[in-house]
Structures are given as structure tokens and as C-alpha cells.
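[1] quick one: sequence plus predicted model below, questions after.
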Amino acid sequence: MRYALILFLATCAAAAEIPSGTHLLLRMQNSVTTRTAKVGDYVYLQTGSPVSVNDSIVVPVGSHVQGVVTYSKRSGKVKGRAEMAIRLEILTLPSGKQLKMQPRLDSVESDANGQAISGNEDRVKQAGSVGKDVGQVAIYAGSGAALGAIVSRVGDGGALRGAGIGAGAGAAVGLVSTLFTRGSEVELRQGSSLDVVFDKPVSLE
């Protein structure tokens, strides 16, 4: 009987914390983007998966999480990718109990431009746009070549010369346009998911 009581108390103690290494899926309740975000802006999320310890759910789905933007940098026109850092701070259980926490961002839902967590920096960084920029210049060059061939007189290589001149002019326009256009921004939209991991246990007491 005494042994059973000790085992029961030990089980309760083990269930009184979120263990280190626990992963938790979160879903954004508001949208945040480097286009407008400022340091200090609040971020609101809800748990999309439960946390279970010893066959007991200690953090149910739908629990609220509050965080804050700690770093935000827009993408540059010539160089520099957009970056954003978020610190998660408060977990509110359905009972109303609030717990302080600081899990680490492990992954985020990507977008068409390939945003992802940057190594061990705990920041969401937008992917590079070199391929996209090259494609944009190529489109301008192709359009310029076509236009140059049309407006040049056919005969004695005129169309070919016109196409070459048009391609060069189009490429120049494309290059200038690319240099003065910002790259893609980091954007965590409402409903998008994040995976976080607890590097330290969080007491539920």
C-alpha cells in the first residue's frame, strides 16, 4: 500500500510539467508580416495538438498562446532577405490558468517563396530570390527582343539586329526593375501552423 502511494505521488509529480523535448503544434490567430510588423507587436496563437503526459492530457487543443515580435526586418531592394523573430511567452489553459514559457521555434508553414526557420537563429527567414530575379530579367529581355524584331525592317539582317538591340534594352529595363523592387516578405498568416519545442521543462503548478 505504501509503495502504491509513493508510485502514485511520483506519477503525479511527473505529470506536473511539460517535459523538455516536447513538440507542440500552434496555429496563428492573427496575421503578422515583416511588411508592417514592429518590435513589441503581440502575436496570438492556439494549440493545434494536445500535450499528453503519462496518458493524461495536460495541455488540450485550443489552449491560447501569446507571443511578441522581437525582431523584424523587411526585405531589401538590392540585397537582404526579410527576417522575423517571435518570442512565445504565455500559455493559457482552458481553466484560465496562465503559465510562463519560452519554447523554441522549430519549423513554420512555408509559403510559395520558401520561408523557413534559419538554422539555430530561431528566426523565420525568407528564401533568396536570385532565381526569381534572373527569370524576371529574362522575361524583359525576351519581350524586348520580340518588340525589336517587329519594329525593325526585315531584310539585310535588320530583324536580327532589332531583336538583339531589343533584348539588350529589355534586359536593362528588367535589371533596373529588379534592383528597385523589394524581395518577398516573411508572412505568418492567420491559420498557418508553427511547430515549437520546449528545451526546458515547464511546470504546470
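    Thanks, I have it.

[2] CA only for contacts and neighbour counts going forward, please
    Fine.

[3] quick one: contacts for the closest residue to Gln115 other than its chain neighbours?
    Spatial nearest neighbour of Gln115, excluding adjacent residues (CA to CA, 6 or more residues apart in numbering): Gln126 at 4.2 Å. Residues counted as contacts of Gln126 (CA atoms under 8 Å, 6 or more residues apart in numbering) are Arg81, Ala82, Glu83, Asn113, Gly114, Gln115, Ala116, Ser184, Glu185, Val186.

[4] which of the residues you listed are buried, as a ChimeraX select command?
    Listed next is the ChimeraX selection for buried residues among those, using 16 or more other CA atoms under 10 Å:
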select :81,82,83,115,116,184,185,186
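
[5] endpoint to endpoint, stretch 195-205 covers what distance?
    When the termini of stretch 195-205 are compared using CA to CA, to the nearest Å, they are 24 Å apart.

[6] right, I mislabeled it, should have said stretch 91-110
    From its first residue to its last, stretch 91-110 covers 24 Å (CA to CA).

[7] now do the buried residues in it.
    Judged by neighbour count using 16+ other CA under 10 Å, the buried positions of stretch 91-110 are 91-93, 101-110.

[8] surely Tyr71 is in a helix?
    No - using DSSP: H, G, I helix; E, B strand; the rest coil, the assignment for Tyr71 is strand, not a helix.

[9] ok so, going back, give me the lowest-pLDDT entry from the buried residues of stretch 91-110.
    Lowest pLDDT within the buried residues of stretch 91-110 is found at Ser110 (78).

[10] quick one: contacts for that residue?
    Ala116 are the contacts of Ser110 under CA under 8 Å, 6+ apart.

[11] Three-state assignment for it, please.
    Following three-state DSSP, we place Ser110 in the coil state.

[12] all further residue positions should be reported with the first residue as 603.
    From this message on, residue numbering opens at 603, which makes the last subject Ser712.

[13] any idea how far it is from Val663?
    On the measure of CA to CA, Ser712 and Val663 end up 22 Å apart.

[14] equivalent analysis for Asp724, please.
    Distance from Asp724 to Val663, counting by CA to CA: 24 Å.

[15] same question for Glu787.
    On the measure of CA to CA, Glu787 and Val663 end up 30 Å apart.

[16] same check, this time on Leu627
    Distance from Leu627 to Val663, counting by CA to CA: 9 Å.
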